[in-house]
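**Q** Please find the sequence and the predicted model below.
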Amino acid sequence: MTTDQNFVLLSEDNTYYVEYLIGHLVLANSITEAVIFDSQVQAVKFQKYLYKHCSIKFSVNTFIQ
């Protein structure tokens, strides 16, 4: 049985990235609301983008469904 790895972004305040639209960042306490990235490369790119535009540090974490 193989398990594909997915990734989520977790902030230093232990909130998960949900959405960033028109300059508005949405975070949630629950991982069930988090955006799930299919690739680590994509998650890291978004992590850097959010740091640049929102000055919030996120870690890239593995999410197994």
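**A** Structure's in. What do you need?

**Q** Centroid-nearest residue for the chain?
**A** Closest residue to the average C-alpha location of the chain: Leu9 at 2.3 Å, with Cα atoms, centre = their mean.

**Q** Which strand residues bridge that one?
**A** For Leu9, the beta-bridge partners under DSSP bridges are Val60.

**Q** Need the pLDDT of it.
**A** You'll see Leu9 listed with a pLDDT of 98.

**Q** can I assume it is in contact with Lys45?
**A** No: Leu9 is beyond contact range of Lys45, at 10.9 Å (criterion: Cβ atoms under 8 Å). Where you see a C-beta, it was placed from the backbone N, CA and C, and this is true even at glycine.

**Q** got a list of contacts for stretch 26-34?
**A** Val8, Leu9, Ser11, Asp13, Asn14, Thr15, Tyr16, Tyr17, Val18, Glu19, Tyr20, Phe63 (Cβ atoms under 8 Å, 6 or more residues apart in numbering).

**Q** Can you say which of those are buried?
**A** Buried positions within the contacts of stretch 26-34, assessed by neighbour count (16 or more other Cβ atoms under 10 Å), are Val8, Leu9, Ser11, Thr15, Tyr16, Tyr17, Tyr20, Phe63.

**Q** OK, contacts around the fourth one?
**A** With contact set as Cβ under 8 Å, 6+ apart, Thr15 has these partners: Leu27, Ala28, Asn29.
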